[in-house]
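> I would like the atomic coordinates for the input below:
(one chain, ligands or ions: 3)
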Amino acid sequence: MLFTSSTRDIPAARQVPRHIAIIMDGNGRWAKQRRLPRVAGHRKGVEAVRATVRACVARGVEYLTLFAFSSENWRRPADEVSILMQLFLRTLEQEVAKLDENGIRFRVIGDTSHFETRIRELIAAGEKHTAHNERLTLTVAANYGGRWDIAQAARRLIASEPDAVRDFAPEALEPYLSMAYAPEPDLFIRTGGEQRISNFLLWQLAYTELYFTDLLWPDFDAAALDEAITSYLQRERRFGRTSEQVQAARG
Ligand code: IPE
Ligand code: IPE
Ligand code: MG
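Ligands and ions are numbered 1, 2, ... in the order given. Got it, this is the predicted structure:
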């Protein structure tokens, strides 16, 4: 199913966010605080992913999108990049079957063409195997960049609809964005204290509620997720309208 922008209609009454997108930051600092190698933080980060997926399922969140590796993370020392790739590979090997058992649909967004063959095979098999699941869609952003996404969407739009390009409206691009299968995120969470987007979902975050926490990603858990959701529920999403308009539409 293809979703159109969620920013046009009067928002529904406050409810648990359908789509949560997370920048999982702070693994390195978590390890450093404990005088451990950075990889220890990344390993512990995988445990936080498990806890977060479970908590989202329990709360009825429909889409969870996790930023695992940005297109800029190749700039890290080669040994850290290689460790992250190994960890990604092992996590795919060990977790995808469990996702399926729990009714979770698995998707990856990003330019995976530079990943090793085994990783690409595991992604393809995992996506295929879990495509029918409906409880939660877990999207992992790997070698993802928001600018890359917009550029690849534009390239695909031009290739398939050359005549539509001249006066194209923003909506024309949306079917070609890599998350066209999901509604735009309702809630964005970034752990680790930095307050920036770091080239995550640029287009899709246009009207997302932003939440930043100093917690380091390996320390993130169900209680931390609930704090973020509580903050989200206290906000009024107006999408450009006045508060009175939003109240009136809700009756
Ligand atoms: C996030 O943690 C994980 C990735 C970017 C892969 P970091 O590794 O960025 O941790 P910090 O920011 O150095 O603490
Ligand atoms: C963002 O974290 C990317 C991921 C969590 C995968 P970074 O740690 O790479 O972000 P910057 O460099 O501090 O902005
Ligand atoms: Mg970081």
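> all contacts plus neighbour counts: C-alpha atoms, from now on.
Noted.
> Arg135 touches Ile104, doesn't it?
Yes - if you go by C-alpha atoms under 8 Å, Arg135 and Ile104 touch, sitting 5.6 Å apart.
> please tell me how far Trp74 sits from Arg250.
Noted for Trp74: a distance of 47 Å to Arg250, by C-alpha to C-alpha, to the nearest Å.
> swap in His114?
48 Å.
> do Gly60 as well
For Gly60, the distance to Arg250 - C-alpha to C-alpha - is 22 Å.
> before we move on, what about Glu134?
29 Å.
> just want the phi and psi numbers for Phe188.
phi -110, psi 130 (degrees, to the nearest 10).
> report pLDDT for it.
Phe188 is assigned 98 on the pLDDT scale.
> check contacts around the closest residue to ligand 1 within the stretch 101-250 of the chain.
The nearest approach of the stretch 101-250 of the chain to ligand 1 comes at Gly192, 6.6 Å away (C-alpha to the nearest ligand atom). Taking C-alpha atoms under 8 Å, 6 or more residues apart in numbering as the criterion, Gly192 is in contact with 24-26, 213-217.
> again with Val165
Val165 is in contact with 157-158, counting by C-alpha under 8 Å, 6+ apart.
> please, where are all the strands along the stretch 51-200 of the chain?
63-70, 104-109, 136-144, 187-190 (DSSP state E, counting those that start in this stretch).
> buried residues in the second one, which are they?
Of the residues in strand 104-109, those with enough neighbours to count as buried (16 or more other C-alpha atoms under 10 Å) are 104-109.
> quick one: it to strand 63-70, angle?
Using axes from the mean of the first three to the mean of the last three C-alpha atoms, to 10 degrees, one finds that strand 104-109 and strand 63-70 are set 40 degrees apart in direction.
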